[in-house]
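>>> Build the 3D model from these lines:
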Amino acid sequence: MRACLSVVLLVLATELVAAGSLEEAKTAFDKGDFRSAERTYSELSNQGDRTAQLQLGLMYDEGHGIPKQYHQAVRWYAVAASQGDPEAPFYLGRIYQDGRGGPRDYARARQWYRVAAQRGHQKAAVNLGVMHALGLGGPRNYQAAGQWFLLGARDIKAQENLGVLYRNGLGVRRDYVKAYMWFAIAAATQRDSEAARHRDQIARLMAPDQIEQARKLSSEKVCALIRCQFGSTLPHHGR
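Have a look, this model is predicted:
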């Protein structure tokens, strides 16, 4: 019994030390003491802390108080991504898409955005959809673009892009009701004037009963998206 208790206490103590170190690094960063933050994040990264690895990658990527070093950013993003971090592959995709520190590599960008999107990263799903729609890093595929936009549908850009696909019949059958619905969702959830403008333009091509149907669908979809968003943050109680 004593041996088991000692192991539990040892594990708890180790976790508390790591958490304190992360807090110290964040405090130093927030105070503008970037050198101290970099040092602490580096220590924790070498110990295998994926949160520290992500933050260290961001420091090198964005140049927060230190010179930008994209090869180091890629290194630490990749390590964090290998440990299941959902943010790190998104930032890797962004580096390769933008060509930071080297030539653009859309194929690699697609690969990393896919990893992030499959881990639930909304912006990665949107970016991956755009790359499929524009034919960047692979063949143009509007149908695949729509599928990725649907996966990232809590993001306003995904909503607007879905509206564009349905309005123009790209990868899907042209459907003004669904196009109106997605533009209305974007306008309602973010008060986006551009989406509202597209919604009003397409309304001119629709019959009154179609507009009423689209409004009902958009209202139901907004509620579903809200439930999905907040439901994913609710605590789960195990047995």
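
>>> before we move on, what SS does G171 have?
Following DSSP: H, G, I helix; E, B strand; the rest coil, the label given to G171 is coil.

>>> What about it, how many residues nearby?
Using other C-beta atoms under 10 Å, G171 has 18 neighbouring residues. Every C-beta, even on glycine, is put in place using the N, C-alpha and C of the backbone.

>>> before we move on, what about T27?
Neighbours of T27 (other C-beta under 10 Å): 13.

>>> Give the rounded mean pLDDT of the host helix or strand of it.
If you go by DSSP states H and E, T27 is part of helix 2-30. Averaging pLDDT along helix 2-30 gives 59.

>>> Name the residues of stretch 71-85 that are buried.
Neighbour counts over stretch 71-85 (16 or more other C-beta atoms under 10 Å) mark Q72, A73, V74, R75, W76, Y77, V79, A80, A81, D85 as buried.

>>> go on, stretch 201-212?
For stretch 201-212, a neighbour-count test (16+ other C-beta under 10 Å) marks I202, A203, M206, Q210, I211 as buried.

>>> Likewise for stretch 178-193?
Using 16+ other C-beta under 10 Å as the test for burial, stretch 178-193 gives 178-190, 192.

>>> List the residues that contact the closest residue in space to Q55 that isn't next to it in sequence.
Using C-beta to C-beta, 6 or more residues apart in numbering and skipping residues adjacent in sequence, the residue nearest Q55 is Y41, 5.2 Å away. Taking C-beta atoms under 8 Å, 6 or more residues apart in numbering as the criterion, Y41 is in contact with A25, A52, Q53, Q55, L56, M59.

>>> Please report the distance of Y41 from G101.
20 Å (C-beta to C-beta, to the nearest Å).

>>> what does A133 give?
Applying C-beta to C-beta, the value for A133 to G101 is 26 Å.

>>> Please say which of these two ends up with more neighbours.
In this view A133 and G101 are compared by other C-beta under 10 Å, and A133 has more residues nearby, 22 against 16.

>>> Remind me which helix or strand the more buried one belongs to.
Remark: A133 resides in helix 122-134, with elements defined by DSSP H and E.

>>> buried ones in the next helix or strand after that helix?
Under the assignment DSSP H and E, the closest C-terminal helix or strand after helix 122-134 is helix 142-151. By neighbour count on 16+ other C-beta under 10 Å, the buried set for helix 142-151 is Y142, A144, A145, G146, W148, F149, L151.

>>> same deal with stretch 111-128?
Neighbour-count burial for stretch 111-128, counted by 16+ other C-beta under 10 Å, picks out 111-117, 119, 121-128.

>>> any idea how far that stretch is from the chain center?
Averaging C-alpha positions (C-alpha atoms, centre = their mean, to the nearest Å) puts stretch 111-128 6 Å from its chain's average.

>>> just stretch 79-91 next, same as before
With C-alpha atoms, centre = their mean as the basis, stretch 79-91 stands 11 Å off its chain's centre.

>>> what sits up against that stretch?
Residues from elsewhere that reach stretch 79-91 (C-beta under 8 Å, 6+ apart): 45, 48, 50-51, 53-54, 57-58, 61, 73, 76-78, 92, 112-113, 115-116, 119-121, 123-124, 127.

>>> 6 Å - rerun?
Residues outside stretch 79-91 that contact it (C-beta atoms under 6 Å, 6 or more residues apart in numbering): R50, Q53, L54, Y77, W112, V115, A116, R119, G120, H121, A124.

>>> mean confidence for it?
Mean pLDDT, stretch 79-91: 97.

>>> before we move on, back to that, of all pairs in the buried residues of stretch 178-193, which one is the farthest apart?
Largest separation among the buried residues of stretch 178-193 by C-beta to C-beta: K178 and Q190, giving 18.7 Å.

>>> From Q118, how far off is the spatially closest residue to G48 that is not a sequence neighbour?
Nearest residue to G48, sequence neighbours excluded (C-beta to C-beta, 6+ apart): Q83, at 7.6 Å. Separation of Q83 from Q118 (C-beta to C-beta): 15 Å.
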